[in-house]
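*Asks:* just need the structure, nothing else, for what follows:
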Amino acid sequence: MTYELSILVLNAILCLTFPWVYNYAYAKQPGVGGKRLMGNRDNLPERSGVAARGLRAHQNHLENLLPFAIIVLTAHVTGTSNTVTITCAVVFLLCRLAHATFYIAGISRLPGINGVRSIVYFICVISMLVYAAQLFIY
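*Replies:* Take a look at the predicted model:
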């Protein structure tokens, strides 16, 4: 398996871990509990805090995972793999991990850096675009 496909699988695993984080936090919210989450989930209170941020982080990851998967799989089928594609895949994974961490933890700024989560997101998008450009170069 290529490095890029391995990183795609790691991103899929990351995607599968999100519900564990935000549903655990949601179960701890007043009026929810684990038993109610195992039911049909009608009339549950709105998610808040980590439960809400985790769900939004998961949705954001899904929105980015699809184009990344298309790019990686197209590159694999066409035999496009080089240091640029590997680097872009690694950057994508690291940015997705950082984005998820910042989002779930509620971190929007670091000392001297406003909008850190957005910055990481745009680096992620740029890595996908550079990766996709490799498909047209080779």
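*Asks:* residue contacts, the most centrally placed residue in the chain?
*Replies:* Centrality entry for the chain: nearest residue to the mean C-alpha point is His61, 3.1 Å, by C-alpha atoms, centre = their mean. Neighbour list for His61: Asn11, Leu14, Cys15, Phe18, Arg96, His99, Ala100 [criterion: C-beta atoms under 8 Å, 6 or more residues apart in numbering]. All C-beta atoms are positioned from the backbone trio N, CA, C, and that covers glycine.
*Asks:* dump these to CSV, plus neighbour count, distance to Ser118 and secondary structure.
*Replies:* Converted to CSV, those look like this (neighbours: other C-beta atoms under 10 Å; distance: C-beta to C-beta, whole Å; DSSP: H, G, I helix; E, B strand; the rest coil):
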residue, neighbour count, distance to Ser118, secondary structure
Asn11, 21, 20, helix
Leu14, 16, 19, helix
Cys15, 16, 20, helix
Phe18, 20, 19, helix
Arg96, 25, 14, helix
His99, 22, 9, helix
Ala100, 23, 14, helix
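*Asks:* now, among the residues you listed, which is nearest to Leu73?
*Replies:* Closest to Leu73 out of the contacts of His61 is Asn11 (12.4 Å), distances taken as C-beta to C-beta.
*Asks:* from Gly49, how far off is that closest one?
*Replies:* 25 Å (C-beta to C-beta, to the nearest Å).
*Asks:* dihedrals phi and psi, Asn114?
*Replies:* phi -80, psi 150 (degrees, to the nearest 10).
*Asks:* ok, now which ones touch it?
*Replies:* Counted by C-beta under 8 Å, 6+ apart, Asn114 has contacts Ser108.
*Asks:* beta partners for it?
*Replies:* Beta-bridge pairing of Asn114 under DSSP bridges involves Arg109.
*Asks:* distance between the lowest-mean-pLDDT helix or strand in the chain and the chain's centre?
*Replies:* None of the helices or strands of the chain scores lower by mean pLDDT, DSSP states H and E than helix 33-37, at a mean of 72. With C-alpha atoms, centre = their mean, to the nearest Å as the basis, helix 33-37 stands 26 Å off its chain's centre.
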